[in-house]
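Asker: what's the 3D shape of this:
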Amino acid sequence: MRSCASIESPSSRTERAQRDAQQQGLDRHAPRRTLHLGGIAAARLELGQAQPSPSPSTASAPHELLSFFEGTWTIVDPKREDGFRETCGWLAQGRRHMVCRTYWQSPTGPREGLSVISYDAASGEYHYHGFRSGGAVVNQRGRPKGAGWQFTSERGDGPGRVQTRVTIEPAAEGSFRLLEESATGDGPWTAGGQVLYKRVSP
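Answerer: Residues are numbered from 1 along each chain as shown. Next up, the predicted model:
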């Protein structure tokens with residue numbers, strides 16, 4: 001004869017059956033979710049293998065435009081006696097940044113400059129960052145203009161805002177002219193100087 005504790009009421013049997021059914025449903029669907037997640041991971045892995053990142057040494061059309069500056073340059077000016085030399089080349093292990101080193105003599109001794117020209121894919125612009133041994137820093141944005149280039153910058157605001165633009169145009173025998181202009185506020189552009197860069201042997 002069973003005790004009262006061992007006798008299961010109809011309602012208890014129903015509740016237990018429902019719990020068993022729910023658990024079976026969970027067990028039945030769990031492997032499917034696991035397989036689904038595994039499939040996503042495999043697809044991502046396959047996608048990553050199918051589309052590897054290009055090597056920085058691989059030619060890129062917008063970056064290759066920077067080869068315009070590649071080489072060693074001097075400024076053609078009979079009055080200059082400072083031994084100006086600027087050598088530009090790709091940052092090592094890639095073709096993404098043009099790095100230029102400049103050397104010249106000042107009345108107080110030798111001077112050096114470092115410039116980096118890079119392409120920003122997000123904006124489609126080129127960025128020039130120049131550093132001088134005296135502490136000066138120059139930041140400009142630019143784009144190709146015709147067969148040459150134009151870079152601009154500005155500082156300050158209101159009537160005292162100063163805009164600067166540098167226009168580079170190809171000249172004969174692989175040389176180029178560089179014209180620097182500035183404007184204050186809404187005033188006209190004023191030429192600050194023009195120089196001729198000529199390619200020379202390193």
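
Asker: where does this protein dip in pLDDT?
Answerer: Low-confidence segments of the chain (pLDDT under 70): 1-51.

Asker: 90 instead, please
Answerer: For the chain, applying pLDDT under 90 flags the ranges 1-54, 57, 59, 78-81, 159, 202.

Asker: where exactly do the helices run in it?
Answerer: 10-50, 61-64 (DSSP state H).

Asker: What residues does the residue nearest the centre of the chain make contact with?
Answerer: By Cα atoms, centre = their mean, the mean C-alpha position of the chain lies nearest to residue 120, the distance being 4.1 Å. With contact set as Cβ atoms under 8 Å, 6 or more residues apart in numbering, residue 120 has these partners: 126-127. Just so you know, the C-beta spots here come from the backbone N, C-alpha and C atoms, and that holds for glycine as well.

Asker: so what's it bridging to?
Answerer: Beta-bridge pairing of residue 120 under DSSP bridges involves residue 125.

Asker: The residue nearest to residue 150 when sequence neighbours are not counted and residue 196: what is the separation?
Answerer: The spatial neighbour of residue 150 that comes closest, neighbours along the chain excluded (Cβ to Cβ, 6 or more residues apart in numbering), is residue 167 at 5.0 Å. Distance of residue 167 to residue 196, given as Cβ to Cβ, to the nearest Å: 13 Å.

Asker: Quickly list what's touching both of those two.
Answerer: residue 178.

Asker: quick one: the nearest residue to residue 83 once chain neighbours are set aside from residue 111, how far?
Answerer: Leaving aside its chain neighbours, residue 83 sits nearest to residue 105 (5.3 Å; criterion: Cβ to Cβ, 6+ apart). Remark: distance between residue 105 and residue 111 (Cβ to Cβ) = 7 Å.

Asker: Would you mind measuring from residue 159 to residue 184?
Answerer: Counting by Cβ to Cβ - residue 159 and residue 184 are separated by 8 Å.

Asker: out of those two, which sits in the busier spot?
Answerer: Shown here are residue 159 and residue 184; by other Cβ atoms under 10 Å, residue 184 has more neighbours (14 against 9).

Asker: mind giving me the domain ranges of the chain?
Answerer: 9-50, 61-200 (automatic domain parsing).

Asker: Please work out which of the ones you listed is packed deepest.
Answerer: Using mean count of other Cβ atoms under 10 Å, the stretch among the domains of the chain with the largest mean neighbour count is domain 61-200, at a mean of 14.
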